[in-house]
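Peer 1: Sequence and computational prediction follow.
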Amino acid sequence: MRVVLPLICLALSGCVVTTVDTTSPTAPSRTSSVAPGPSKVASRNFNSVVKRVEPVAESICRRRTSGANCDFRILVHPDARQPSNAYQTLDKSGVPVIVFTQALIAETQNNDELAFVLGHEAAHHIRGHIPKQQQSATAGALLATVGASILGAGQAGVDVAQQLGATVGARAFSKDMELEADSLGTVIAARAGYDPILGAKYFDRIPDPGDQFLGSHPPNKERQKTVRRVAKGL
C-alpha cells in the first residue's frame, strides 16, 4: 500500500512549498539578492539580522540536537509577487532551508521582528518538527485507510480517506509545534541581541487564525503570551 502524504513545510503564517532544490537556477536566491521587493534599507537590515541570528541558531542547534544538519541556508524568494511569509523546509539533500518572501522583509517594522521570525523558523528545524509531522501524517493516513477498507469503501473512497487522514495527522500537533517554535525562537532572538517581545508585535498585524479545530496555528494572543513568558525567564 502506498501512502500519499500531504506537502509539509513549517511557516510563520501559511505554507508555500515543501522542498527546495538549491541547485536549480530558479531556486530562492541568497540573502544578497533581495531587490526589487524591499527597499535598500530593508535589504541591509535583513542581511544584518541574518549575520547575527544565524550563528546563534546554528550554535543552539548543535547543542540541542544529535547528528542533525545545523548548517542553515537562509534564502530570499525571487518572486516579488509572493505574499508576506517565511517558512522552514529541507532541500533534497536534507539541508535546513529558511525562506523569506520579499513582501515579509519589506513589511517588517524593525530588526527585532526579522530576528524573531528567523529564530522561529530555525526553531522548527532544531525541534525536529518536519519529521514529526511526517510521522504523524503517515500514521493518520494508515489509520484512515484501514478504517475505509473495513467499511468496504472502493479505491476512490480509500484514496480520499488516506489523504484526509494524512492531513488530519499532520495538523494534530501543529499548534503545539508553533508554540514550541515561538518559545525557542524567543531564546534565539534574545541571544542574538534582539528584543523578542518587540519582535512578536508582528502578530498584531497579521490575520488571527483564532482557536480553530485542527487549525495549523494557535491564536496570535496566545503566541505573544508565550513569547513574553519565555523572555521573562531569560
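Peer 2: Looks like it arrived, so ask away.
Peer 1: Give me the helices and strands touching the helix or strand hosting residue 90, please.
Peer 2: Using DSSP states H and E, residue 90 maps to strand 86-91. Where contact means 3 or more C-beta pairs under 8 Å, 6 or more residues apart in numbering; DSSP states H and E, strand 86-91 is packed against strand 10-11, strand 19-20, strand 96-100, helix 111-126, helix 129-150. All C-beta spots, glycine's among them, are computed from the backbone N, C-alpha and C.
Peer 1: could you redo the last one with a cut-off of 10 Å?
Peer 2: Packing partners of strand 86-91 (3 or more C-beta pairs under 10 Å, 6 or more residues apart in numbering; DSSP states H and E): strand 10-11, strand 19-20, strand 73-76, strand 96-100, helix 111-126, helix 129-150.
Peer 1: Quickly, which of these bottoms out on average pLDDT?
Peer 2: With a mean of 41, strand 19-20 has the lowest mean pLDDT of those.
Peer 1: related to what we said a few turns ago, state the paired neighbours of the strand holding residue 90 in the sheet, together with their directions.
Peer 2: strand 10-11 (antiparallel), strand 19-20 (parallel), strand 96-100 (antiparallel) (DSSP bridges).
Peer 1: Any regions of the protein where pLDDT drops low?
Peer 2: 1-38, 134-173, 209-217 (pLDDT under 70).
Peer 1: in the sheet, who's paired with the nearest residue to residue 117 once chain neighbours are set aside?
Peer 2: Nearest non-adjacent residue to residue 117, counting by C-beta to C-beta, 6 or more residues apart in numbering: residue 86, 5.1 Å away. Bridge pairing for residue 86 (DSSP bridges) gives the partners residue 100.
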